Structures are given as C-alpha cells and as structure tokens.
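A.B. asks: let me see the structure of the following:
(one chain, ligands or ions: 1)
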Amino acid sequence: MDVLKFASAVFVVSSLSVSIWLLNKLWLTPIRKQRFLRQQGIKGNSYKFLHGNTKDILSMRRQSMAIPMDCLSHNLFPKLQPHFYSWLKIYGKNFLTWYGPRPELFVTEVEYIKEIMNKVQDYPKIEMSTGFVKVLLGDGLVTAKGKKWAKQRKLANQVFHADSLKRMIPDMIASVEMMLDRWRQHEGREIEVFEEFKFLSSEIISRTAFGSSFVEGRDIFDMLSEMAIIITRNSYRVRLPGLSWFSKSKDDIRSEKLEQDIYDSIVRIMDKRKKECGMHGEVGSFGTDLLGSLMKAMIDSDQDKRITIQDVVDECKTFYVAGQETTSTLLSWAVFLLGSHTDWQEKARQEVFNLFGKEHPHSDGIARLKIVNMVINETLRLYPPVIEFTRQVKEGTKLGNYILPANIHVVLSTLALHHDTNIWGEDAHQFKPDRFSQGVANATKNNPAVYIPFGLGPRSCVGLNFATNETKIALVMILQRYTFTLSPTYIHSPVQILTTRPQHGVQVMLRPL
Ligand code: HEM
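C.D. replies: Numbers count the residues shown, from 1 in each chain. Here you go, the predicted model:
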C-alpha cells in the first residue's frame with residue numbers, strides 16, 4: 001500500500017514538474033521575450049501557443065505555390081517567401097516572427113546584415129546536433145562551429161586553392177564532354193536540362209573531390225536527395241519538445257535508416273581508397289583531393305589536427321550536397337534565362353568564340369570571360385540557390401540600437417535583398433546582365449551586403465571559385481555547340497527544396513550550330 005502511495009506521489013510530482021517546465025518553455029518565456037523586444041520598438045507578429053507563425057507560413061506558402069507564375073516574371077520574393085514579403089510591408093525592415101516558441105528576428109537593414117554575417121562569435125550558426133538537417137550534413141563544414149569549423153575550413157581552403165582548381169579543369173571538361181555526348185540524341189528536339197545538370201555536377205564533384213565516378217557515388221546522391229525532400233516536408237512543422245523520444249514519425253524512421261546507409265556507403269568508398277593507396281602509394285598518403293586530405297587528417301600525429309571517421313563522413317556528405325545542389329540549379333536558371341533572352345545568348349556566344357574558337361576552355365580564357373560572368377551574376381541575383389540564412393544569438397548581444405536576448409534566431413533573406421527596388425532600381429525583377437558590366441562592386445555601390453549569393457564574411461562559400469569555374473566551363477562548351485530557346489512545354493514554377501529549383505525542370509529546344 002505504501003509502495004502504491006509512494007508511486008502515485010512520484011507520478012504527481014513528476015507530472016507537475018513537466019507541466020511547469022512546459023508552461024515556462026511554451027508560454028512564459030516566449031511572452032517575456034516578446035515584451036522585451038516590443039519595448040524596444042520592434043514590431044511584428046504576436047506569439048501563438050506552441051506553433052508561433054508556422055501554420056500561417058505553411059498556409060501562405062501553399063497559397064502562393066498554387067498560383068502559377070507568369071513565364072517571364074522573375075519576381076521570386078512573394079512567390080517563395082510570401083510570409084516575409086507580406087510582413088516586411090506591414091512591419092518595416094526588421095520584425096519579429098515565431099518559429100514555434102522561438103522568436104526570430106527577420107532583418108533586412110543592410111548595416112545589421114553586415115554585422116550578423118561578420119561577427120561569427122556573436123551570431124554563430126544554429127544548432128544542428130539533432131534532426132533531419134543533421135542527417136543530411138552532419139557536423140560538416142556548413143554546420144560546424146568554433147574550433148572544429150576553423151580546422152575543417154583550413155583543410156577545405158587547401159583543397160579548393162587556386163592551383164588545385166586549375167588542376168580540376170580537365171576533369172570538369174571531361175564531365176561536360178560526357179554530358180554533351182548524351183545531348184547528341186536530342187539535337188533538333190527538346191531536352192530537359194535540370195536533370196542533365198544534376199548528373200553533371202554530381203559527376204564533377206565525384207571526380208574532383210572523391211576521385212570516383214558519379215555511378216560509384218550514385219546511391220549516396222540518391223539518399224541525400226531523399227533527405228532533402230524529408231527536410232522540406234518537415235520545415236515549419238513544430239512538435240512538442242521531447243515527443244520524438246516516445247513516438248517516431250515515418251520520416252524519423254526513414255531518416256535513421258538513411259543515416260546508417262549513407263554512413264556505410266561512404267565508409268566503403270574510404271576502404272576502396274585505402275586499398276588503392278596501399279597498392280600504389282606510400283603509407284599514410286591517400287591522395288590530394290578532398291577525400292585523400294580528410295583521410296590523411298584522420299591519422300595526423302598532431303592531436304589538434306586529427307579528425308575522426310565520423311568527421312570524414314560528415315564532411316563527405318556536406319560536399320556531396322553543397323557541390324551538387326547549388327551548381328546544378330545555377331546552371332539550369334542560366335540556361336532558362338539565356339533560352340528566353342536569345343540576344344544575351346548570342347552576345348555570350350560571340351565572346352566564347354573570340355576567346356576559345358572551337359577549342360576547349362582554358363584557365364586564362366575562363367578568367368577573361370566578361371559577358372558570361374555578367375550573365376552568371378545576374379542569374380544568381382534573380383535566382384539565388386540559397387534564399388535564407390539563419391544565425392542564433394547564443395548570449396545576449398547588441399545589434400545597432402537593439403538589445404537581443406539569448407536564444408533567439410536572426411533570419412536574413414537573399415531574395416529580399418536581391419529583389420529590392422530601392423537597391424537595384426525599378427527594373428529589379430528584370431534580367432539585365434548589363435548592371436554588372438563594371439563588376440559586382442560597382443553594381444552594388446561598394447556595399448557587399450546587398451548581393452550575397454555566396455554568403456558574406458568568414459562563413460561564405462568555400463566552393464565559390466569551384467562553382468563558377470564549373471558553370472563557366474559548362475556554359476562555354478554548350479554555347480560552342482548549340483543554340484537553344486525555351487520550349488513551349490516549359491512551366492515556370494520555381495520552388496525551394498533546399499535550393500531554388502525549377503519544379504518541372506527546364507525544357508529547351510536544342511539546335512546544333
Ligand atoms: C552556385 C553555387 C553555389 C552557391 C550559390 C553557394 C552558396 C553558398 C552560401 C550562400 C553559403 C553560406 C551559407 C551560410 O552562410 O549559412 C555557402 C557555404 C558553403 N558552400 Fe557553397 N555554394 C555554391 C557552391 C558550392 C560548391 C560547389 C561547394 C563545394 C565544392 C560548396 C561548399 C560550401 C561549403 C562547404 C560551405 C560552408 C562554408 C563555411 O561555413 O565555412 N558550395 N555556399
């Protein structure tokens with residue numbers, strides 16, 4: 001009897017403690033933070049229990065996606081981020097929104113953006129230690145913080161150094177050649193290029209970073225793509241804290257399986273490299289590409305530089321994703337824009353023939369491409385692959401005149417900046433590569449924070465030159481062989497699945513020159 005009484009007392013006390021903890025986390029703390037931010041004149045949405053604004057966001061996005069887009073419209077901000085677009089108009093440049101019980105400060109003030117992106121100590125990347133994004137990227141370079149990030153960044157900087165990039169050009173050319181061989185069957189007909197560019201960028205990152213072909217890494221790409229879809233499906237879905245300990249969703253179960261399978265596949269590629277190097281190379285040398293450098297770091301005699309097998313797996317996942325997703329969408333949108341603005345296609349082709357004739361592109365010529373570069377910059381302005389950045393405020397900090405409390409997120413939108421008519425003029429939504437004719441600094445009036453396709457500050461893209469080389473080589477070789485126009489079957493529907501993708505692909509009519 002006494003045992004029963006004791007058990008009931010424990011049950012009542014534990015239930016009470018959990019209820020108080022939940023009340024504090026889900027109601028009292030958000031309301032306290034809301035009051036604190038409002039007192040400083042920050043306008044925005046009021047907190048709604050548990051879900052915050054996530055339900056509003058999902059419903060606004062559903063509505064905007066249901067409305068077809070005019071084929072010639074590049075006005076992506078209201079389409080992909082209708083919530084930010086509407087609230088920006090109501091509340092002004094910086095405002096408060098809620099991701100569940102967590103406050104998010106949406107910032108478009110350019111001076112603040114500079115501060116947030118440059119002060120990585122005050123505004124670190126958000127926690128990814130659990131959840132679906134962790135399965136996709138692990139604790140690799142995109143998500144790592146502090147000392148771990150510094151160590152990984154140093155290693156990646158060496159692998160993607162200018163000299164190494166030069167050495168990667170023949171592999172990039174060979175991969176584009178393979179793609180163009182396939183295109184022969186489509187001559188005089190329609191071709192869908194988004195899938196083609198996904199293949200191409202997978203092949204290029206596989207060859208240059210992992211010394212293997214796309215076919216060998218194919219299962220990894222497929223599994224990572226499936227994870228990207230799971231992440232998109234679950235973004236803006238709020239669950240009660242701790243619920244996943246008791247009940248797992250279908251996506252939880254699937255992502256656990258994918259995590260293990262991706263791990264096993266990468267370890268198999270590492271084992272293969274070990275065997276190859278054991279046969280041909282000296283002990284401890286695994287090659288100079290990304291995989292080789294990572295494997296070498298695993299056995300570094302300096303403990304501070306040494307990394308674990310899990311670190312290698314995480315870094316490989318990161319580069320498979322970052323190297324493939326972004327460049328394939330950039331190439332697809334560039335071909336879409338050149339296919340619908342054939343005057344610019346002709347100008348770019350003229351430049352390509354002046355520099356290379358019918359020969360393969362070489363590094364000197366690639367550096368001198370001006371028109372192609374302007375087209376790429378304008379494509380990245382209108383269709384940036386990465387449309388949102390989120391950072392956390394770990395400890396209270398000052399942003400301009402605001403005092404930000406700990407544990408809030410700050411959110412920046414690339415689209416809000418790249419499509420702002422106050423920055424780019426009334427023609428901000430039009431394709432006008434001319435605005436970059438005197439370079440990016442001139443187009444942005446020396447304000448780098450208004451044009452951030454590759455991010456800004458210490459965490460900006462480590463693959464920038466790799467990606468631009470790949471894009472230029474692919475465009476040069478396509479322009480040397482084909483003219484193309486947008487096909488009448490093309491449906492203009494940009495969507496965000498990690499990156500800004502063409503929902504139904506990009507169909508163009510391909511004519512050999
Ligand atoms: C058009 C192509 C690309 C675009 C638009 C792009 C965009 C970006 C952006 C915006 C960031 C910053 C993210 C943030 O601050 O939260 C970033 C970081 C990163 N990118 Fe890219 N990227 C591209 C291609 C690539 C490629 C080809 C690679 C690898 C070969 C790559 C690897 C990375 C890595 C590892 C980071 C994290 C860097 C760090 O935090 O130190 N990216 N990228």
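A.B. asks: and residue 155, how far is that from residue 288?
C.D. replies: Note on residue 155: its distance to residue 288, by Cβ to Cβ, to the nearest Å, is 12 Å. (Each C-beta comes from the backbone N, C-alpha and C, glycine too.)
A.B. asks: same thing with residue 347?
C.D. replies: From residue 347 to residue 288 the distance is 38 Å (Cβ to Cβ).
A.B. asks: and the closest residue to the ligand within the stretch 351-500 of the chain, how many neighbours does it have?
C.D. replies: Closest approach between the stretch 351-500 of the chain and the ligand, counting by Cβ to the nearest ligand atom: residue 463, at 2.3 Å. For residue 463, the count of nearby residues is 22 (other Cβ atoms under 10 Å).
A.B. asks: check contacts around it.
C.D. replies: 160, 319, 322, 323, 326 (Cβ atoms under 8 Å, 6 or more residues apart in numbering).
A.B. asks: tell me the most packed of these, by neighbour count.
C.D. replies: For the contacts of residue 463, the largest number of neighbours (other Cβ under 10 Å) sits with residue 319, at 27 neighbours.
A.B. asks: any idea which element that one lies in?
C.D. replies: Here residue 319, judged by DSSP states H and E, is contained in helix 309-340.
A.B. asks: report whether that helix contacts the ligand.
C.D. replies: Yes. Using Cβ under 6 Å from any ligand atom, we find that helix 309-340 touches the ligand at 318, 319, 322, 323, 326, 327, 330.
A.B. asks: neighbour count: residue 347 and residue 288, which is higher?
C.D. replies: Neighbour count, other Cβ under 10 Å: between residue 347 and residue 288, residue 347 has more, with 17 against 14.
A.B. asks: my guess is residue 510 is in a helix, correct?
C.D. replies: No. Counting by DSSP: H, G, I helix; E, B strand; the rest coil, residue 510 falls outside a helix, being strand.
A.B. asks: burial measure for it, as a count.
C.D. replies: Neighbours around residue 510, by other Cβ under 10 Å: 22.
A.B. asks: now it: how far from residue 188?
C.D. replies: Distance from residue 510 to residue 188, by Cβ to Cβ: 7 Å.
A.B. asks: how far away is the residue lying closest to residue 451 once chain neighbours are set aside from residue 300?
C.D. replies: Using Cβ to Cβ, 6 or more residues apart in numbering and skipping the chain neighbours, the partner closest in space to residue 451 is residue 444 (4.9 Å). In this view, residue 444 and residue 300 are 41 Å apart by Cβ to Cβ.
A.B. asks: show me the shaky parts of the protein.
C.D. replies: For the chain, applying pLDDT under 70 flags the ranges 1, 129-130, 213-214, 241-244, 279-284.
A.B. asks: quickly find the element holding residue 103.
C.D. replies: Residue-wise, residue 103 maps onto strand 102-107 under DSSP H and E.
A.B. asks: meant to ask about residue 377, not that
C.D. replies: helix 371-382.
A.B. asks: that helix packs against which elements?
C.D. replies: helix 309-340, helix 342-356, helix 464-481 (3 or more Cβ pairs under 8 Å, 6 or more residues apart in numbering; DSSP states H and E).
A.B. asks: hang on, the earlier thing: mind listing what's buried along the helix holding residue 319?
C.D. replies: 311-340 (16 or more other Cβ atoms under 10 Å).
A.B. asks: ok, now stretch 292-308?
C.D. replies: 292, 293, 294, 295, 296, 297, 307.
A.B. asks: how long is it end to end?
C.D. replies: End-to-end distance of stretch 292-308: 14 Å, with Cα to Cα, to the nearest Å as the criterion.
A.B. asks: what comes into contact with it?
C.D. replies: Outside stretch 292-308, the residues touching it (Cβ under 8 Å, 6+ apart) are 151-152, 155, 158-159, 211, 270, 273-274, 277, 284-286, 309, 311-312, 315-316.
A.B. asks: what residues does the stretch 151-300 of the chain have near the ligand?
C.D. replies: residue 153.
A.B. asks: got the contact list for the residue in the stretch 151-300 of the chain positioned nearest to the ligand?
C.D. replies: Proximity of the stretch 151-300 of the chain to the ligand (Cβ to the nearest ligand atom) peaks at residue 153, 4.8 Å away. Neighbour list for residue 153: 141, 462 [criterion: Cβ under 8 Å, 6+ apart].
A.B. asks: now with 10 Å?
C.D. replies: Residues in contact with residue 153 (Cβ atoms under 10 Å, 6 or more residues apart in numbering) are 141, 144, 458, 459, 462.
A.B. asks: what about the helices in the stretch 351-500 of the chain?
C.D. replies: 363-368, 371-382, 414-418, 421-424, 440-443, 464-481 (DSSP state H, counting those that start in this stretch).
A.B. asks: off-centre distance for the longest one?
C.D. replies: Think helix 464-481. Centroid displacement of helix 464-481 relative to its chain, using Cα atoms, centre = their mean, to the nearest Å, is 20 Å.
A.B. asks: so which elements touch that helix?
C.D. replies: helix 162-183, helix 193-210, helix 309-340, helix 342-356, helix 363-368, helix 371-382, strand 507-512 (3 or more Cβ pairs under 10 Å, 6 or more residues apart in numbering; DSSP states H and E).
A.B. asks: can I get these in CSV with distance to residue 21?
C.D. replies: Putting these into CSV (distance: least, Cβ to Cβ, whole Å) gives the following:
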stretch, distance to residue 21
helix 162-183, 51
helix 193-210, 45
helix 309-340, 32
helix 342-356, 59
helix 363-368, 58
helix 371-382, 45
strand 507-512, 54
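A.B. asks: what pairs with the strand holding residue 103, parallel or antiparallel?
C.D. replies: strand 94-99 (antiparallel), strand 408-413 (parallel) (DSSP bridges).
A.B. asks: can you tell me which of those is nearest to residue 173?
C.D. replies: Proximity to residue 173 (Cβ to Cβ) singles out strand 408-413 among the strands paired with strand 102-107, at 36.1 Å.
A.B. asks: for that closest one, buried residues please.
C.D. replies: Under 16+ other Cβ under 10 Å, the buried positions of strand 408-413 are 408, 409, 410, 411, 412, 413.
A.B. asks: can you report how many residues lie near the residue nearest to the fifth one when sequence neighbours are not counted?
C.D. replies: Put plainly, it is residue 412. Distance criterion Cβ to Cβ, 6+ apart; nearest residue to residue 412, sequence neighbours excluded, is residue 389 at 4.5 Å. Neighbour count for residue 389, taken as other Cβ under 10 Å: 21.
A.B. asks: wait, residue 389 touches residue 108, no?
C.D. replies: No. Contact criterion Cβ atoms under 10 Å: residue 389 and residue 108 do not qualify, at 12.0 Å.
A.B. asks: what do the two both touch?
C.D. replies: Common neighbours of residue 389 and residue 108 (Cβ under 10 Å, 6+ apart) are 411, 412, 413.
A.B. asks: the last one and residue 377, how far apart?
C.D. replies: Pointing back at residue 413 there. Relative to residue 377, and taking Cβ to Cβ, residue 413 is found at 19 Å.
A.B. asks: residue 255 belongs to a helix, doesn't it?
C.D. replies: Yes. The assignment for residue 255 is a helix, going by three-state DSSP.
A.B. asks: helix, strand, or coil at the spatially closest residue to it that is not a sequence neighbour?
C.D. replies: Nearest residue to residue 255, sequence neighbours excluded (Cβ to Cβ, 6+ apart): residue 135, at 4.8 Å. Following three-state DSSP, the label given to residue 135 is helix.
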